[in-house]
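Student: quick one, fold the following:
(chains A, B, C and D)
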There are 2 protein chains.
Amino acid sequence: MTRELKNKMSSSAPITALESDKRPLRKAAQNVRIYEEMLTAILEQRLAPGTKLSEDTLGEIFGVSRSIIRIVLQQLAHERIVQIQPNRGAFVAEPSHEEAREVLQARRLIEEGVVRLAVNKHTDTEINDLREMVSQEQESLDRGNHKTWIRQSGDFHLKLADIAGNQTLSAYVKELVSRNSLIIVQYQKGNLSACSCDEHSEIIDAIDARDEDRAAALMLEHLQACEDQLNLNGGEPKSDLYAVFSKASEN
Amino acid sequence: MTRELKNKMSSSAPITALESDKRPLRKAAQNVRIYEEMLTAILEQRLAPGTKLSEDTLGEIFGVSRSIIRIVLQQLAHERIVQIQPNRGAFVAEPSHEEAREVLQARRLIEEGVVRLAVNKHTDTEINDLREMVSQEQESLDRGNHKTWIRQSGDFHLKLADIAGNQTLSAYVKELVSRNSLIIVQYQKGNLSACSCDEHSEIIDAIDARDEDRAAALMLEHLQACEDQLNLNGGEPKSDLYAVFSKASEN
DNA sequence: GAGTAATTTATTGTCTACATTTTTTATTAT
DNA sequence: ATAATAAAAAATGTAGACAATAAATTACTC
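Tutor: Okay, here's the model as predicted:
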C-alpha cells in the first residue's frame, strides 16, 4: 500500500525536487507545494475516489512530518476533494448522486453569472489566451491524452472566472470544477463521444462578440450537456451492496 | 492582552461548559465547539477586525493545546473570516473595499439563485419558520440589541439557503454572510436607519406566493440596499496612512 | 536626544512522543 | 469450519519540545 501511493504521487512530479532546489525553499511554500501535487494527482485520476490517504505514508513521500500532511488534508477536505472520517483517516472523496447534482446546479448558477461578467470585462489578450487553451485541449484530445484533457477542460472554466475579476467567485469555481472531476470519474457513462471543445469555442465567440445572453445560454447548455453525460440515476457507484443485490433480485 | 481576549471569548458562552458536561464529550467535537465559539465571537463583534488571535492565548482559554487551535484558525482562514500571515500569526480579517464589493456581488449572484430555488421547494412549515425569525429580528432591533440582530439577520439568509436544498450553495452563503458581517463592522456609514426587517418580510411574501421573479428582484434590491449603506469609496478603513494623508493634502 | 545596531523576548512552524481509537490477527468455543 | 471474542498491530488525535522567525527592548553611536 505504501509503495503504491508513492508511485502514484511521484509519477508525474518527482519528489526529488525537494533536495534539488538550491535555496532552502522557505518553509511556508512547503504546504502549498504538497497541496498542489496532491490536488493534481487526484484531478488527473492517479488517485481514485475512495483511496485511503495515510498520513504516515504521505509524510514519508514528501519528506515531512504528519503535521504538514495534516494541514494539507484539512485544506483539501474543506474543498470537498478529500473526506476526513474522524479517527479513521482521510480518503479521496466519493461524491454521491445528490452531491453530483448539487455541484452541477451550483456550477450552472455561478458560472452563468461569471460568464456574464466576463463578457463585460474581457480584453483582447484574454480572448487569445482562451483560444490558445482550447487548441491545447483539442491537442490532448487528439492524442488520446484523456486525463490531461480533463484538467485542461477545467482550466478553461477557471480562466473564465479569472477574467470575470471576482476572486471570491473564482475560488468557488475552482472548488466546483475540482469536485466535478471526481464526479466525472465516478459517473461518466460510456466513452465521452462528442466532447466539449467545440462548446468552449462557441462560448469564446459569444464573449468576443459581447453577446452576454448568448454566452450565458451557451454556458448553461454546456454544463447541462456535461450533466447529461453522467449516469446519476442508478445506485451508488460502488459499495452500496444492498442496492446492487436488491436490484438483481428484481429481475 | 491575554486577559482581554479571554473576556471577549467567554462573555456570552462560559468556557466552564467543558467541565460541566457529564460525558467526556468525545474529542472530535472539541474542534467544532471551539470553531463555533470563535465564529460567534467574531460575528457578534466581540472580536473586532484586525484583532490578533494568539495561539497560546486561545489554547489557554479553551483548555487545549495549540494543535487544536491551529486547526480551527486554519478553518476560519479558509472561510476568509481570519487572515493568517506566515510567521506572524492569525488576525480577524479586515476585508478591503474590493473584497467587500466582491462579496456583495457574489451574494447577489448566488442568493438570487437560491431564492428562486426556495420559491419552488418551500413548505408551509418553512414559511412559518422564516416569519418567526423575522419577528425575532424585529424584537432584537426594538430592544436596541444591535449585535444580536446582525447575527439573526444573517441567519435569515442561511435559512433561505437551507430551504433551497443545495448544501454546496448553503456553505457558500454561510461564508459570504459571515464575511459580510465583518464588512458591515468596517464600512457601515452612520447608524443604520430604516433597517431591512421589512425587506425580509416582503421576500417571504413573494416566496409564499410562489412569485419567483418578484422574490428574486426583492432579494437583489435588498442586497443592493445593504451595499448602499456601506461606505466603499474612501480610503482603507484604517492603517492605510498614505491614503489618509494624501487626501488631507488635496483639500 | 535621535537613530541605528545588537540582544533579548515572545510567537509561530515543525517534529517527536504518547494516548486513544480502529483495524487486523490470533484464539477459542460452538 | 465458522463465528465470536480477545489480543496485537497500526493509524489517528493531542500534547509538548525544540527550531526558526518576528517583535520588542536595550545598548550604542553620532
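
Student: measure A:Glu44 to A:Leu160 for me?
Tutor: 21 Å (Cβ to Cβ, to the nearest Å). Quick note: C-beta positions are derived from backbone N, CA and C, even for glycine.

Student: ok, now A:Leu47?
Tutor: A:Leu47 is 27 Å from A:Leu160, by Cβ to Cβ.

Student: same question for A:Val177.
Tutor: Taking Cβ to Cβ, one finds A:Val177 at 10 Å from A:Leu160.

Student: which one of A:Leu47 and A:Leu160 has more residues nearby?
Tutor: The residue with more neighbours, out of A:Leu47 and A:Leu160, is A:Leu160; 26 against 22, by other Cβ atoms under 10 Å in any protein chain shown.

Student: what about the more buried one, which SS state?
Tutor: Here A:Leu160 is recorded as helix under DSSP: H, G, I helix; E, B strand; the rest coil.

Student: just checking, it touches A:Val115?
Tutor: Yes: counting by Cβ atoms under 8 Å, A:Leu160 touches A:Val115, with 6.2 Å between them.

Student: all helices for the stretch 51-200 of chain A, in order.
Tutor: Along the stretch 51-200 of chain A, the stretches classed as helices by DSSP state H, counting those that start in this stretch are A:55-62, A:66-78, A:97-121, A:124-142, A:146-164, A:167-187, A:197-208.

Student: buried set for the fourth one?
Tutor: With burial defined by 16 or more other Cβ atoms under 10 Å in any protein chain shown, the residues of helix A:124-142 counted as buried are A:126-127, A:129-130, A:133-134, A:136-138, A:140-141.

Student: so how far is it off the chain centroid?
Tutor: Relative to its chain's centre, helix A:124-142 lies at 18 Å (Cα atoms, centre = their mean, to the nearest Å).

Student: what sits in contact with each of A:Leu160 and A:Val115?
Tutor: Common contacts of A:Leu160 and A:Val115 (Cβ atoms under 8 Å, 6 or more residues apart in numbering or on different chains): A:Ile203.

Student: thinking again about what came up before, between which two of the buried residues of helix A:124-142 is the distance greatest?
Tutor: Maximum pairwise distance in those, criterion Cβ to Cβ, is 22.7 Å, between A:Glu126 and A:Leu141.

Student: ok, back up a step: of all the helices of the stretch 51-200 of chain A, which lies closest to DNA strand D?
Tutor: Nearest to DNA strand D, of all these, is helix A:55-62, at 3.6 Å by Cβ to the nearest atom of the strand.

Student: so can I have a markdown table of the helices of the stretch 51-200 of chain A showing distance to DNA strand C and mean pLDDT?
Tutor: Output for the helices of the stretch 51-200 of chain A, formatted as a markdown table (distance: least, Cβ to the nearest atom of the strand, whole Å; pLDDT from 0 to 100):
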| stretch | distance to DNA strand C | mean pLDDT |
| --- | --- | --- |
| helix A:55-62 | 8 | 95 |
| helix A:66-78 | 4 | 96 |
| helix A:97-121 | 22 | 97 |
| helix A:124-142 | 33 | 93 |
| helix A:146-164 | 27 | 92 |
| helix A:167-187 | 21 | 95 |
| helix A:197-208 | 39 | 93 |
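
Student: in TSV: those, plus distance to chain B.
Tutor: Shown next, in TSV, are the helices of the stretch 51-200 of chain A (distance: least, Cβ to the nearest Cβ, whole Å):
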stretch	distance to chain B
helix A:55-62	14
helix A:66-78	5
helix A:97-121	4
helix A:124-142	19
helix A:146-164	10
helix A:167-187	5
helix A:197-208	17
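
Student: now distance to DNA strand D too, for the ones you listed, in CSV please.
Tutor: CSV is the format used below for the helices of the stretch 51-200 of chain A (distance: least, Cβ to the nearest atom of the strand, whole Å):
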stretch, distance to DNA strand D
helix A:55-62, 4
helix A:66-78, 6
helix A:97-121, 22
helix A:124-142, 34
helix A:146-164, 26
helix A:167-187, 20
helix A:197-208, 39
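
Student: right, and those - which one's nearest B:Glu60?
Tutor: In terms of Cβ to Cβ, the element of those nearest to B:Glu60 is helix A:66-78, at 20.8 Å.

Student: name the residues of that closest one that come out as buried.
Tutor: So for helix A:66-78, counting by 16+ other Cβ under 10 Å, buried means A:68-78.

Student: max pairwise distance over the residues you listed: which two?
Tutor: Of all pairs drawn from the buried residues of helix A:66-78, the widest gap by Cβ to Cβ lies between A:Ile68 and A:His78 and measures 16.2 Å.

Student: tell me the contacts of the closest residue to DNA strand D within chain A?
Tutor: Nearest to DNA strand D in chain A, going by Cβ to the nearest atom of the strand, is A:Gly89, at a distance of 3.2 Å. Residues in contact with A:Gly89 (Cβ under 8 Å, 6+ apart) are A:52-55.
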